[in-house]
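Student: Following is a predicted model, sequence given first.
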Amino acid sequence: RVFDVDPASDRTTTLMVGQFGFGRDGRSHDRGYLATGSVHGFVPPRWHNADHLIDIDDHWQAKELRRSVVHQFVVTKDELTWLDAAAAFPAVRLLRDTDASGLVVQFSLSHMSVPTAPDQPSRWQLSGTIAPWYPHELRSYPAGRLLVPDSRGPCRTNGRLHNLSVELTDTHAVLNMITAVPVDRNGPVDLGDLELRTADSDRLVARLPREAYLGQEYLLACGLVTVP
């Protein structure tokens, strides 16, 4: 179900999800799911980006065409049912056998299509990922340290980074950039090599070469990037 908490705002569109399943390829009676589970609660919108697509012309729906939003929900371990076919896939076995408390499902909605006729629905591009979920992480908000764009800084003509989060380990930085990089009709926009630095001392923590967010691997990982 989709509903607006505030009908006068385009920033309150909230989802309600009842069931989640993944692994089906084609029609359900031809090939079944690998896992299913119940979902409870609301899935509010996060990380609104009004300028995600930067090469939109003066279309009368330009405001909607440019925007993107992130949603996230959790399926707890006691609500999950793993089906027999899950054992055939290494990645699914890793998800099934982890000691996590459930699965977190994060996805973005962007690239709204222009309606083909009056009063007809628009389609949105969905891009997301599934990962283990742990109790210290929020259910409907991306985990990690939140980084937001500084409006005082220079804005490139081809866009600027948007919200992202970062999680640091002893050896790596994991960046959740699901809608952080602006895009055009050809894909993610080249913003050059990026650096993660501390705010006070300007100490370099990690480098993010442009290849890390411009390649096919970035698209397949739905914006999750790991660098030393």
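Tutor: Good, I have the coordinates.
Student: Tell me how far the spatially most distant residue from the centre of the chain lies from residue 61.
Tutor: The centre of the chain is farthest from one residue, residue 201, which by C-alpha atoms, centre = their mean lies 30.7 Å away. According to C-beta to C-beta, to the nearest Å, residue 201 and residue 61 sit 46 Å apart. (C-beta placed from N, C-alpha, C; glycine too.)
Student: Run through the protein and note the low-pLDDT ranges.
Tutor: Within the chain, the segments meeting pLDDT under 70 span 28-29, 152-158.
Student: SS state for the residue farthest from the centre of the chain?
Tutor: With DSSP: H, G, I helix; E, B strand; the rest coil as the basis, residue 201 sits in coil.
Student: For residue 214, see how far away it is.
Tutor: Distance, residue 201 to residue 214, using C-beta to C-beta: 29 Å.
Student: do the same with residue 9
Tutor: Per C-beta to C-beta, residue 9 is found 34 Å from residue 214.
Student: Same question for residue 99.
Tutor: Counting by C-beta to C-beta - residue 99 and residue 214 are separated by 35 Å.
Student: do residue 16 as well
Tutor: Applying C-beta to C-beta, one obtains 36 Å for the distance of residue 16 from residue 214.
Student: More neighbours: these two, which one.
Tutor: Neighbour totals were compared for residue 16 and residue 214, and residue 214 leads with 16 against 13 (other C-beta atoms under 10 Å).
Student: And that one, its phi and psi?
Tutor: Per-residue torsions, residue 214: phi -110, psi -10 (degrees, to the nearest 10).
Student: tell me the contacts of it?
Tutor: Shown in contact with residue 214 (C-beta atoms under 8 Å, 6 or more residues apart in numbering): 187-188, 190.
Student: Any of those buried? List them.
Tutor: Among the contacts of residue 214, the ones that count as buried by 16 or more other C-beta atoms under 10 Å are residue 188.
Student: Just give me the closest of the contacts of residue 214 to residue 79.
Tutor: Of all those, residue 79 sits closest to residue 188, with 34.8 Å by C-beta to C-beta.
Student: so what's the nearest residue to the closest one once chain neighbours are set aside up against?
Tutor: Nearest residue to residue 188, sequence neighbours excluded (C-beta to C-beta, 6 or more residues apart in numbering): residue 181, at 4.6 Å. Residue 181 is in contact with 161-162, 188-189, 191, 213, 223, counting by C-beta under 8 Å, 6+ apart.
Student: Ok, residue 30 next?
Tutor: Counting by C-beta under 8 Å, 6+ apart, residue 30 makes contact with nothing.
Student: That one in helix, strand or coil?
Tutor: Under three-state DSSP, residue 30 falls in the coil class.
Student: Output the contacting helices and strands for the helix or strand hosting residue 131.
Tutor: Applying DSSP states H and E as the criterion places residue 131 in strand 125-133. Packing contacts for strand 125-133, counted by 3 or more C-beta pairs under 8 Å, 6 or more residues apart in numbering; DSSP states H and E, involve strand 68-76, strand 102-110.
Student: Would you convert the ones you listed into a markdown table that also reports distance to residue 176?
Tutor: What follows is these, written out as a markdown table (distance: least, C-beta to C-beta, whole Å):
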| stretch | distance to residue 176 |
| --- | --- |
| strand 68-76 | 9 |
| strand 102-110 | 8 |
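Student: State the number of residues packed around the nearest residue to residue 228 once chain neighbours are set aside.
Tutor: In this structure, residue 228 finds its nearest non-sequential neighbour in residue 172, 6.0 Å apart by C-beta to C-beta, 6+ apart. When neighbours are defined as other C-beta under 10 Å, residue 172 has 12 of them.
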